[in-house]
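A.B. asks: Quick one, what's the 3D model for this:
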Amino acid sequence: MDYGALNGYFDGAVAKTLAAVDINPAKSNQHEFNGTGALRALFGDDDIKGMPTTFAYLEDDTDPVFDHGFTTWYDARRRHPTRTEYRLYYNDNKCISVARPGDLMILAISDAGEVLVAFAKAGTTVESQLRWLFGVGDTAETSFKTASTDTLRIDAMAAQILESIGIEVGIPSAADNYLDGLVGRFGDSFPRGADFSAYSVSTLAELDWAGDPDGSLVACYEREELLFRVFERHILERDLAPFLGDTLDVDGVLRVTMSTFQRRKSRAGTAFENQLSMLFDAFGIQYSAQKYTEGKSKPDFVFPSIEDYRDPAFPVARLTVLGAKTTIKERWRQVLDEADRVELKHLVTLEPAVSSDYTSAMRKDHLQLVVPRPLFSTYTQAQQDWLMDIKRFCEMVKNRQEG
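C.D. replies: You can find the predicted model right below:
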């Protein structure tokens, strides 16, 4: 599903790799950035005082840090007849205090005049994702450069990145056409994850699992993500209504929203495993899901079966172990300890633009990353040469299954 273009969320954006002069109190010029041409193109020639600003600092494996304040765009030589000296002032905030030289900064403005200043720790996946999302590549340029908001269409994967920096992605109005079917099937409460996944797939046209497993898996994920958002909004409207009367019940609202966030987190991984199971079933691949190998180790999938894995006489060369994670971050290392008999393990993800640092470490630790072909373009060319797509993985497993 298309959630619109990036320029529907931002009028424009600039990016730079932070230098010490930008953030070090001993070196920076009173919490200001020099007004380069890229910034002037973003804000124009007139002074703009006190723009409401959200600051965010992001790194892998920790919750984002958010703060709120303001930025001011002004010409320090406004009264000079011939000279200009534009600057962007920012107030002191906890995000800028944890940012370091080498980190990425994205500065974007909405059509409502609100500013977002997002910092991403150098070398992380979230940095790679912001570089991809705003089209600023791998450059280490420390001067402001114009980022792209005109061409990228927001799909389910890009929507997750936007939400990580505090931008709520709206549900396309056409998606409301699915609500009656969801309510008719499930009433007013979420069903078991497997039932919701099966229903989501039933709303798609016939999928070519064998011919295009990569596209089919992405289509399943995006459709279930869309239907979940539609159904969640419907349930939230009901659950929040009692707390939104003449007097706002803040505690009640917080209880409902906390429950909603927990449901979102627990659902995503289960849904992905359900979709993979449908893929393997359609491909005629034998597997065991969520079975213990050694001790408390429990891979997501073992091929051809857990019984074969536990049989010392079964050839190791015909065994495959697959971890499945919608997002990776540091959790990919968990897969390394989940099946002692198999040296080269596989990990499938729907995460775009995983950092080169992570994929290099995976190669070193004998872990092959599997990514749907439509996401390859979010990775560097060197990464793409190493990645395995869904179709090649399925063909490899089936060949091993058939001996």
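A.B. asks: quick one, strands of the stretch 101-250 of the chain?
C.D. replies: Per DSSP state E, counting those that start in this stretch, the stretch 101-250 of the chain carries strands over the ranges 104-109, 115-120, 145-147.
A.B. asks: what ranges of the stretch 51-200 of the chain fall below the confidence cut-off?
C.D. replies: Scanning the stretch 51-200 of the chain for pLDDT under 70 picks out no residues.
A.B. asks: one more time with 90, if that's ok
C.D. replies: Low-confidence segments of the stretch 51-200 of the chain (pLDDT under 90): 61-63, 76-85, 92, 96-97, 111-112, 135-161, 163-176, 188-190.
A.B. asks: CSV for the strands of the stretch 101-250 of the chain, including distance to M388 and mean neighbour count?
C.D. replies: Heads up, the C-betas are built off the backbone N, CA and C, glycines and all. Below are those laid out as CSV (distance: least, C-beta to C-beta, whole Å; neighbours: other C-beta atoms under 10 Å):
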stretch, distance to M388, mean neighbour count
strand 104-109, 28, 24
strand 115-120, 27, 24
strand 145-147, 31, 19
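A.B. asks: out of those strands, which comes closest to R153?
C.D. replies: Distance to R153, taken as C-beta to C-beta, is lowest for strand 145-147 among those, at 15.9 Å.
A.B. asks: that older thread, can you redo the strands of the stretch 101-250 of the chain as a markdown table with distance to G181?
C.D. replies: Listed next are the strands of the stretch 101-250 of the chain as a markdown table, based on distance: least, C-beta to C-beta, whole Å:
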| stretch | distance to G181 |
| --- | --- |
| strand 104-109 | 37 |
| strand 115-120 | 36 |
| strand 145-147 | 39 |
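A.B. asks: And those: which comes nearest R333?
C.D. replies: Closest among the strands of the stretch 101-250 of the chain, using C-beta to C-beta: strand 115-120, at 21.1 Å.
A.B. asks: what helices or strands is the closest one leaning on?
C.D. replies: Here strand 115-120 touches strand 48-58, helix 94-98, strand 104-109, helix 125-133, going by 3 or more C-beta pairs under 8 Å, 6 or more residues apart in numbering; DSSP states H and E.
A.B. asks: Partner strands of it, with direction?
C.D. replies: strand 48-58 (parallel), strand 104-109 (antiparallel) (DSSP bridges).
A.B. asks: quick one, that strand and helix 125-133 angle?
C.D. replies: Between strand 115-120 and helix 125-133, the angle comes out at 130 degrees (axes from the mean of the first three to the mean of the last three C-alpha atoms, to 10 degrees).
A.B. asks: got the contact list for strand 115-120?
C.D. replies: Strand 115-120 has contacts (C-beta atoms under 8 Å, 6 or more residues apart in numbering) with 10, 18, 51-59, 71, 90, 95-96, 98-99, 103-110, 126-127, 130, 165-167.
A.B. asks: Show me which of the residues you listed are buried.
C.D. replies: 10, 18, 51, 53-59, 71, 90, 95-96, 99, 103-109, 126-127, 130, 165, 167 (16 or more other C-beta atoms under 10 Å).
A.B. asks: Near R131, how many residues? Count them for me, please.
C.D. replies: 21 (other C-beta atoms under 10 Å).
A.B. asks: Looking at the strands paired with strand 115-120, which is nearest to D188?
C.D. replies: strand 48-58 (34.0 Å).
A.B. asks: low-scoring pLDDT stretches of the stretch 301-403 of the chain, where are they?
C.D. replies: 326-334, 402-403.
A.B. asks: all strands of it, in order?
C.D. replies: In the stretch 301-403 of the chain, the strands defined using DSSP E, counting those that start in this stretch lie at 301-303, 320-325, 345-349, 367-370.
A.B. asks: in the first one, what counts as buried?
C.D. replies: For strand 301-303, the buried set under the neighbour-count rule, 16+ other C-beta under 10 Å, comprises 301-303.
A.B. asks: Figure out how far stretch 276-293 is from the centre of its chain.
C.D. replies: Here stretch 276-293 is found 25 Å from its chain centre; the criterion is C-alpha atoms, centre = their mean, to the nearest Å.
A.B. asks: gap between the two ends of it?
C.D. replies: This stretch, stretch 276-293, spans 20 Å end to end (C-alpha to C-alpha, to the nearest Å).
A.B. asks: next one: stretch 364-371
C.D. replies: 18 Å.
A.B. asks: and the chain, what are its domains?
C.D. replies: 6-164, 173-281, 288-401 (automatic domain parsing).
A.B. asks: What distance do you get for A20 to V136?
C.D. replies: Distance of A20 to V136, computed by C-beta to C-beta, to the nearest Å: 20 Å.
A.B. asks: neighbour-wise, which of these two wins?
C.D. replies: Higher neighbour count among A20 and V136: V136, with 21 against 13, using other C-beta under 10 Å.
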